[in-house]
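Novice: need coordinates for the below:
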Amino acid sequence: MLDVRRLRLLRELDRRGTIAAVAEALAFSPSAVSQQLSVLEREAGLPLLERTGRRVRLTPAGQNLVRHAEAVLERLEEAAADLAEARSGLAGALRIGAFPTATRAIVPAALTALARRHPGLEPMVSETDPAAVAHALRAGDLDVALVHEYDFVPAEQEPGLATRPLYRESMYLAAPARVASPAPGPALDPAPGPDQGAVLRAHADAPWITATHGTLCHAMAVRACQAAGFTPRIRHRVDEFPAVLALVAAGQGVAVVPQLGVMGPADPAVSLTRLLMERRTKVAFRSGAAAHPAVAAFTAALHAAVPPELATPVSSE
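Specialist: Predicted structure coming up:
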């Protein structure tokens, strides 16, 4: 009989590529991971792994077993959802991952509504960059999370995970007000500029403010500029959009920021030009967990908490 916990380790190895990465993600020692995978090979009765330098590659049999593992783990999530639904009332921890702007603008209202309807539920929010969400969900560190993608940084299909669209928001070029942008407009100008490339190229020689390297926000800014024909000269790397706008107001550079990052009182020292780009936010969870009452309740609370200024998704996945 194949052990589900060992199947989960095999799946993580398929995604991460090294024993050390699996051990770090799941809080095991590397030797423990190796031992458990060796036991799994004995249970399977044939080789599942082969080493290629420092990495470990799955054999065809191992890859096939991972596909079965995905189906098994999804059914287990569905079983857990059925059991939770059979209980009277929601209770216990709900581990939530969210990125900073959503944590500030969406999550508090959702948690307030959730507490009114399900006082026995204990939501636990961890600020998590969308790039790290998939591993955290598969490892069981999170139950549900908010993730986003940009036009220039599309989300990859992650095995073992499912998503539901939540909202869309426009992107803006933020520049010091004394620096003229093509077709500048007031904060949250409802119409995008006529030529996104021209808007960005007007600041090709300016210093740029981006998010820290390795985040989706950083990749979005760099790729948008490259699509416009230049590579930005990055001066500051800051993740919090209020801090980014404060640096822009101080004349320290220009930045691309999402609609949630610029909502609120307009700063006369910052000029905002709407771009054609969008950021799309989704709710992510493990495959099979969509019907889990706690996940479903939080997802419904999120939808109710979305500000009316943001666009709602045109379709469901």
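Novice: export stretch 117-132 as CSV, just CAs?
Specialist: Coordinates of each C-alpha in stretch 117-132 appear next as CSV, following Å, rounded to 0.1, in the frame of the first residue of the first chain:
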residue,chain,number,x,y,z
ARG,A,117,-21.3,34.7,10.1
HIS,A,118,-18.8,32.2,11.5
PRO,A,119,-17.5,33.3,15.0
GLY,A,120,-15.9,29.9,15.6
LEU,A,121,-13.6,30.3,12.7
GLU,A,122,-10.1,31.6,13.5
PRO,A,123,-8.6,33.3,10.4
MET,A,124,-4.8,33.6,10.5
VAL,A,125,-3.3,36.0,7.8
SER,A,126,0.3,35.7,6.7
GLU,A,127,1.6,38.3,4.2
THR,A,128,2.8,36.1,1.3
ASP,A,129,4.2,37.1,-2.1
PRO,A,130,2.1,35.4,-4.8
ALA,A,131,5.3,33.8,-6.1
ALA,A,132,5.6,31.8,-2.9
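Novice: starting at the chain centroid, how far to the lowest-mean-pLDDT helix or strand in the chain?
Specialist: Sorted by mean pLDDT, DSSP states H and E, the helices and strands of the chain end with helix 60-86, the least confident at a mean of 76. Its chain's average C-alpha position is 22 Å from that of helix 60-86, according to Cα atoms, centre = their mean, to the nearest Å.
Novice: give the buried residues for whichever helix or strand comes after that helix.
Specialist: Counting by DSSP states H and E, the element after helix 60-86 in chain order, helix or strand, is strand 92-98. For strand 92-98, a neighbour-count test (16 or more other Cβ atoms under 10 Å) marks 94, 95, 96, 97, 98 as buried. All C-beta atoms are positioned from the backbone trio N, CA, C, and that covers glycine.
Novice: again with stretch 37-57
Specialist: 37, 40, 41, 48, 49, 56.
Novice: and the two most separated of those?
Specialist: For the buried residues of stretch 37-57, the maximum inter-member distance is 12.8 Å, found between 40 and 56 (Cβ to Cβ).
Novice: wait, what's in contact with the nearest residue to residue 78 once chain neighbours are set aside?
Specialist: Of all residues not flanking residue 78 in the chain, residue 288 sits nearest, at 4.2 Å (Cβ to Cβ, 6 or more residues apart in numbering). Applying Cβ atoms under 8 Å, 6 or more residues apart in numbering, we find residue 288 in contact with 73, 74, 75, 76, 77, 78, 81, 162.
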